[in-house]
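In: my questions concern the predicted model and sequence given below.
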Amino acid sequence: MPPIDERKRALDFLISEANGWRSRVSGLVRQAANSPALQAGTLLVFVPQVGAVPDHWIPATNLTGGTATGILMYPMIANPGAIADSEAAIIVRDCEVAEPYLEWATWTDAERAAAAASLSLNHVIVRKGVLRDQVVMPPIFP
């Protein structure tokens, strides 16, 4: 029997969090026009209200200078049209996350360190080298 191989799931990055909903907030995530899907574990930056544009979150990139203030909890579909705001659940404080499961493939080590430092201001601890063990299920019947 071949081993069971599970794909990455939402919240795989989350190791532990505060009791209740303390670690989580609900907010608008703004996706640029024609943007790809956002995966769970995408780092986000909070943008306060400016004029008629309400408070919202945008995906953090290596262009945001390694600043991150939240982590997207669940995937969001691609945005094929104009700029869109979607309600999302975001981890923002008092938790531990696994660094290998965060979405930052194009970031340098210095940018990752800066993002981890900015998350740590709200007690979000980025743990390096924490991976779930691969589970191999033995055959039920020999």
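Out: Looks like it arrived, so ask away.

In: okay, now the unreliable bits of this structure?
Out: Along the chain, segments meeting pLDDT under 70 span 62-66, 130-142.

In: just the strands in it please.
Out: 14-17, 24-31, 43-47, 56-59, 70-72, 84-91, 95-98, 124-127 (DSSP state E).

In: can I get these in CSV with mean neighbour count and distance to Thr106?
Out: C-beta coordinates here come from the backbone N, C-alpha and C atoms, glycine included. Listed next are those as CSV, based on neighbours: other CB atoms under 10 Å; distance: least, CB to CB, whole Å:
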stretch, mean neighbour count, distance to Thr106
strand 14-17, 16, 22
strand 24-31, 18, 18
strand 43-47, 20, 12
strand 56-59, 19, 12
strand 70-72, 26, 17
strand 84-91, 17, 21
strand 95-98, 20, 19
strand 124-127, 18, 17
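
In: for these, which one sits closest to Glu6?
Out: strand 95-98 (15.2 Å; CB to CB).

In: can you list the strands that that closest one pairs with?
Out: Strand 95-98 has the following strand partners under DSSP bridges: strand 14-17 (antiparallel), strand 124-127 (parallel).

In: look up which residues are beta-bridged to Arg127.
Out: Ala98.

In: please disregard the earlier target; I meant Ile90.
Out: Counting by DSSP bridges, the residues bridging with Ile90 are Val25, Leu72.

In: what sits against it?
Out: 24-27, 29, 44, 57, 70-73 (CB atoms under 8 Å, 6 or more residues apart in numbering).
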